[in-house]
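[1] Got a sequence here, can you build the structure:
(2 chains)
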2 protein chains.
Amino acid sequence: MPELRQNLATKEWVIISTDRAKRPQAYAQPEHYVLTHEQVLHDLTCPFCVTNEELDLETARWPSFGPWQVRAVVNKFPALMQQEELSRTFDGASRRISGVGYHEIVIEHPHHNTTLALMTAVEIEAVLEMYYNRGWDIRNDPRIRQIVYFKNHGEVAGASLVHPHSQIIGLPVVPNNIRQRTEEARRYFDDTGECVFCVMTTSEREKWERLVSVTEHFVAFVLYAAPTPFNIWIMPKRHSVSFMYTTLEERSDLAQILRVVLQKLYQGLNDPAFNLVVRSAPVKEMGNDYLHWHLEIVPRLSQTAGFELGSGMFINPTFPEECAAFLRGVVVGERVGSRE
Amino acid sequence: MPELRQNLATKEWVIISTDRAKRPQAYAQPEHYVLTHEQVLHDLTCPFCVTNEELDLETARWPSFGPWQVRAVVNKFPALMQQEELSRTFDGASRRISGVGYHEIVIEHPHHNTTLALMTAVEIEAVLEMYYNRGWDIRNDPRIRQIVYFKNHGEVAGASLVHPHSQIIGLPVVPNNIRQRTEEARRYFDDTGECVFCVMTTSEREKWERLVSVTEHFVAFVLYAAPTPFNIWIMPKRHSVSFMYTTLEERSDLAQILRVVLQKLYQGLNDPAFNLVVRSAPVKEMGNDYLHWHLEIVPRLSQTAGFELGSGMFINPTFPEECAAFLRGVVVGERVGSRE
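    Numbers count the residues shown, from 1 in each chain, chains lettered A, B, ... in the order given. Have a look, this model is predicted:
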């Protein structure tokens, strides 16, 4: 029988629809995304490849001398611009702010034909270090109120370029959706004196049935009220409002668990398209103690339609417990590496 | 230069990104969705076609004798079930409600190869009458708290069957998203004593630059803060919280404007995939006076990605004013009709 489940933190309901039930393995893609493109190690026409470094304005690289491992550049088609004046125009029903902000690309690896799932933990850690460093730099601009880190992998997840990359957008507003999540977490804290994300994480560790992987500092689990199949949260065990407050040791451990989770998806579902986001507190509200930063991975295995648009609710045809069990069963090797 | 715009009613920000600017005509689809399938008038393998009426459990038909024009049936793979007991289970962090509800299909026309855009206003009116009648019937079940009417047209909009149909879902909860919209509208009303949707509609009529069509009772406009290109609201001029309170005359007029708007999209953009939803008050809150029901049309012309997931905000590469001007320029004929 179908059931409705509520996410304790966001208060969002989902329908787990058993009548259209689909087994986790049914989501395996027919072909690997990266492999189907028969990509080469270096593509001279790719703006993110080695030798094309002049094409985009670089904001950071690591290491700073010798061949680079990770670079950050300004997006060639930025959604927002740093050079703009911040101005607000309230004209009756029309409320407008000039498009001030940051829109950067993190080029995750010099190789064109790899992906996070195939990288070593050390390589992934370099990507996270770049997130961290660019984040602090962008935060220093007083006009910025929210930093959104995200990654689109695969065409249906919105990736237009194959070369492995993530994006960082610095916004001059706190998005409504983040305001609402903050408000729900605050309300829970006021009611109980506890962080709702800590409560959820403790509960998942006790129940274990939705766990995917656990490391020293992190817990990865499929959401109890997962809107879509295989929707995963990677939660830090230590309560902290912002990714910006992580330690080097934590980021190193995060690279480990991220590699394991992404590789399980890669192997178990044949490199599905996915989005990855870092959910972290608004940069002017990093003093609050009821938010809890985390990483969310959403494989793009189904389509949203009119019902989701009209209600904000999702219909998930697969039990989260089955997705987690399936992923736990996928054995992850020590190192895969890019195909040279 | 890019700008951020805020929807006055929902308080949601969007980025109108001029650097990736795309002209409205660039969204024209290469081929018509319905035509590409080279559909026949009747398809014996289609569960919604004439002669296959026994396949699904019918809840209503019109006319009730002679050949039918519109039917409502129970979805063969319902997301929710009427027969369930309503039970709530709060087990620590896991909150669950049994899957009680309604999930019906409205078969909009006996012809397999037509679509709302090609129907006459009288035929569309019959569809709206069916929405109305099924709505009141479902509302009479005291367990139901929200009715969501929606339509998925085209594969990328989530339609799995070609035969023209919409869906009605009756929910045992008010979705979070609808709670938030209600709360924002209430707050605006408390501040100003006015309905925020009335204010927006008046403003659009005065400014005219985003208008698509106006009839005696309705105004269709592209949203000032449109999250995606061609995102359209059809607003009733008369302030009313619920579609359930419309008069026969208003529904007849709604059929007229809906036909005009859908035909403009059909002709101007070559039958794009779209979602259509009716946004209406929760059924136990039809006494409030700050909500204002309306219809929303979202052509599916772009992909959502990690940024939308992480922020709830959208990046729209096309100015709403240009989309509206483009649609105003599309001339709509008196009647197209299905291809016989």
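[2] how close does the spatially closest residue to residue A:44 that is not a sequence neighbour sit to residue A:42?
    Nearest non-adjacent residue to residue A:44, counting by Cβ to Cβ, 6 or more residues apart in numbering or on different chains: residue A:51, 7.0 Å away. For glycine as for every other residue, the C-beta is placed from the backbone atoms N, C-alpha and C. Residue A:51 is 8 Å from residue A:42, where distance means Cβ to Cβ, to the nearest Å.
[3] The two: which is more packed in?
    residue A:42 (15 against 9; other Cβ atoms under 10 Å in any protein chain shown).
[4] Give the helix, strand or coil label for the more buried one.
    The assignment at residue A:42 comes out as coil when based on DSSP: H, G, I helix; E, B strand; the rest coil.
[5] Might you report the residue contacts of it?
    A:49-51, A:111-112 (Cβ atoms under 8 Å, 6 or more residues apart in numbering or on different chains).
[6] Looking at these, which one is closest to chain B?
    Nearest to chain B among these, counting by Cβ to the nearest Cβ, is residue A:112 at 20.4 Å.
[7] Do I have it right that the closest one meets residue A:163?
    Yes - contact criterion Cβ atoms under 8 Å: residue A:112 and residue A:163 qualify, at 5.1 Å.
[8] Would you mind grabbing the residues shared as contacts by the two?
    Here residue A:112 and residue A:163 have A:43, A:46, A:48-49 as joint contacts, going by Cβ under 8 Å, 6+ apart.
[9] Of these - the most surrounded one?
    residue A:48 (23 neighbours).
[10] Now that one: which helix or strand?
    Residue A:48 is part of no helix or strand, with elements assigned from DSSP states H and E.
[11] same check, this time on residue A:168
    Using DSSP H and E, residue A:168 sits within strand A:165-171.
[12] Give me every residue in the stretch 151-300 of chain A lying close to chain B.
    Listed as neighbours of chain B in the stretch 151-300 of chain A under the rule Cβ under 8 Å from any Cβ of the partner chain: A:151-152, A:156-159, A:167, A:169, A:171-173, A:175-178, A:180, A:199-200, A:203-204, A:224, A:275-279, A:296, A:298.
[13] In strands, which of the residues you listed fall?
    Residues of these located in strands (DSSP state E): A:151-152, A:167, A:169, A:171, A:275-279, A:296, A:298.
[14] quick revisit: could you list every helix and strand in contact with the strand holding residue A:168?
    Using 3 or more Cβ pairs under 8 Å, 6 or more residues apart in numbering or on different chains; DSSP states H and E, the elements in contact with strand A:165-171 are strand A:102-107, helix A:121-139, strand A:146-153, helix B:306-311.
[15] can I get these in a markdown table with mean pLDDT, mean neighbour count and distance to residue B:229?
    What follows is these, written out as a markdown table (pLDDT from 0 to 100; neighbours: other Cβ atoms under 10 Å in any protein chain shown; distance: least, Cβ to Cβ, whole Å):
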| stretch | mean pLDDT | mean neighbour count | distance to residue B:229 |
| --- | --- | --- | --- |
| strand A:102-107 | 98 | 25 | 20 |
| helix A:121-139 | 97 | 19 | 28 |
| strand A:146-153 | 98 | 25 | 19 |
| helix B:306-311 | 95 | 24 | 14 |
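[16] list the contacts for the most far-flung residue of chain A relative to its centre?
    Distance from the C-alpha centroid of chain A, by Cα atoms, centre = their mean, peaks at residue A:92 (36.7 Å). For residue A:92, the contacting residues are residue B:203, by Cβ under 8 Å, 6+ apart.
[17] Give me the phi and psi angles of it.
    Main-chain dihedrals, residue A:92, degrees, to the nearest 10: phi 60, psi -120.
[18] Also residue A:94?
    phi -100, psi 110.
[19] who's in contact with the residue lying closest to it once chain neighbours are set aside?
    Of all residues beyond its chain neighbours, the one nearest residue A:94 is residue B:224 (5.6 Å), with distances taken as Cβ to Cβ, 6+ apart. Each residue near residue B:224 by Cβ under 8 Å, 6+ apart is listed here: A:93-94, B:5, B:7-8, B:200, B:204, B:210, B:320.
[20] Now with 10 Å, please.
    Counting by Cβ atoms under 10 Å, 6 or more residues apart in numbering or on different chains, residue B:224 makes contact with A:93-96, B:5-8, B:14, B:16, B:200, B:203-204, B:207, B:209-210, B:320-321.
[21] Now do the strands in the stretch 1-150 of chain A.
    A:3-6, A:13-16, A:58-62, A:70-74, A:88-91, A:94-98, A:102-107, A:146-153 (DSSP state E, counting those that start in this stretch).
[22] Which of those strands sits closest to residue B:219?
    Between residue B:219 and the strands of the stretch 1-150 of chain A, the shortest gap by Cβ to Cβ is with strand A:94-98, which sits at 16.3 Å.
[23] Does anything pack onto the closest one? Which helices or strands?
    strand A:88-91, strand B:3-6, strand B:13-16, helix B:196-207 (3 or more Cβ pairs under 10 Å, 6 or more residues apart in numbering or on different chains; DSSP states H and E).
[24] Highest mean neighbour count out of those?
    Counting by mean count of other Cβ atoms under 10 Å in any protein chain shown, strand B:13-16 has the highest mean neighbour count of the helices and strands packed on strand A:94-98, with a mean of 25.
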